[in-house]
Structure formats: structure tokens, C-alpha cells
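Enquirer: below: sequence and its predicted model.
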Amino acid sequence: MSIAVVALGSNLGDSSATLDEALADIRALPLVRGVTASSVISSIAITLDGPDPDKPRYANAVALVDTDLAPTVLLAALNDIEARHGRVRDVRWGDRTLDLDVVAYGGVTSQDPHLTLPHPRAHERDFVLDPWLEIDPDATLPGLGPIAELRRALP
């Protein structure tokens, strides 16, 4: 078994309910033995042009997923869950009903264009680091160090 770190986000529709449903969907995946989820936090929308206070705020959470699914298989399953919740990919970093990202998968590193591990911007996102610290205060991001130190480095 490996522990995958999955970031969840939503800023369209009933975001809190969507995150709850997505967590249930993740728990129901084959070869998933357990899911530990953070509480939901609110964050400002980040667009290609930077933070945008005029966009709907995001509901964000992080889940630790105990799984035997390979990283790419897990990503495909998460993409299916997004699609079932109405995810449309028409604008990069646009508003979305559901966003599920594999942030880390055990100590695996990958430069695959379909799944870069660890997630290339996770260490820059308080809305990923804060919920992750809540459920795993001793976590480290492979190649970058302890999550607590990465969080302290952010403004």
C-alpha cells in the first residue's frame, strides 16, 4: 500500500457537498483501503493572472488515500470522479465544480507530462499545505522537504 496525497477543490455549485461526495467516491474506489480527509477551508480563486477576489471562493481539502492503485490509475479514477461531478476543462485554472489533484504518491517522483509528482505547485499553495498539515503534521514533499517548513516559507 502507498499513501497518495490528493488535493480537492471546488468553487461552483454546492462546493462543500461536492467535496463530501468526491471523498465518498474516492473511498469507494477499488484497492483503496482508507481515506483520511482534512477539514474544508476557503480560499481565494487563483487564475493564470494570479489571485482573483472577484471569482467565487474555493472550498479546499486534502485527503490521504491508502491505496494499491498505481499513480496513473489513481489519476484516471480521479478524472472520472471529476467528470461525474460536471468538471469541464475549457479554461486553464478556471472555475470548476470539482478539481482533484494527486499532489504526492509515497516517495514517487515523476516528470511524466500527464502526472508530475510531486505536484509542481503544491509547495506554493497554502490551500494545499494547510489542510495537509492538519492531517499529517510530519509530512514531507518528496524533493522539497517538510510541509511545515514549506508552509512557513509562504507569505
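Expert: Thanks, I have the structure now.
Enquirer: tell me which element the residue of the chain positioned farthest from its centre is part of?
Expert: Computed with CA atoms, centre = their mean, the residue of the chain farthest from its C-alpha average is D54, at 22.7 Å. Under the criterion DSSP states H and E, no helix or strand holds D54.
Enquirer: need phi/psi at it.
Expert: phi -80, psi -10 (degrees, to the nearest 10).
Enquirer: repeat for P113
Expert: phi -60, psi -20.
Enquirer: residues near it, how many?
Expert: Residue crowding around P113 was assessed by other CB atoms under 10 Å; the count is 6. All C-beta atoms are positioned from the backbone trio N, CA, C, and that covers glycine.
Enquirer: how about the contacts made by it?
Expert: Under the criterion of CB atoms under 8 Å, 6 or more residues apart in numbering, P113 has no neighbours.
Enquirer: what does T67 give?
Expert: M1, S2, I3, A4, L29, L31, V32, R33, L74.
Enquirer: list buried residues within the residues you listed.
Expert: S2, I3, A4, L29, V32, L74 (16 or more other CB atoms under 10 Å).
Enquirer: which stretches in this structure count as helices?
Expert: Per DSSP state H, the chain carries helices over the ranges 15-27, 71-84, 126-135, 147-152.
Enquirer: just to revisit the earlier point, the residue farthest from the centre of the chain and I46, how far apart?
Expert: Separation of D54 from I46 (CB to CB, to the nearest Å): 13 Å.
Enquirer: same deal with D136?
Expert: D136 sits at a distance of 23 Å from I46 (criterion: CB to CB).
Enquirer: ok so, going back, tell me which of the helices of the chain is the most buried.
Expert: helix 126-135 (a mean of 20; mean count of other CB atoms under 10 Å).
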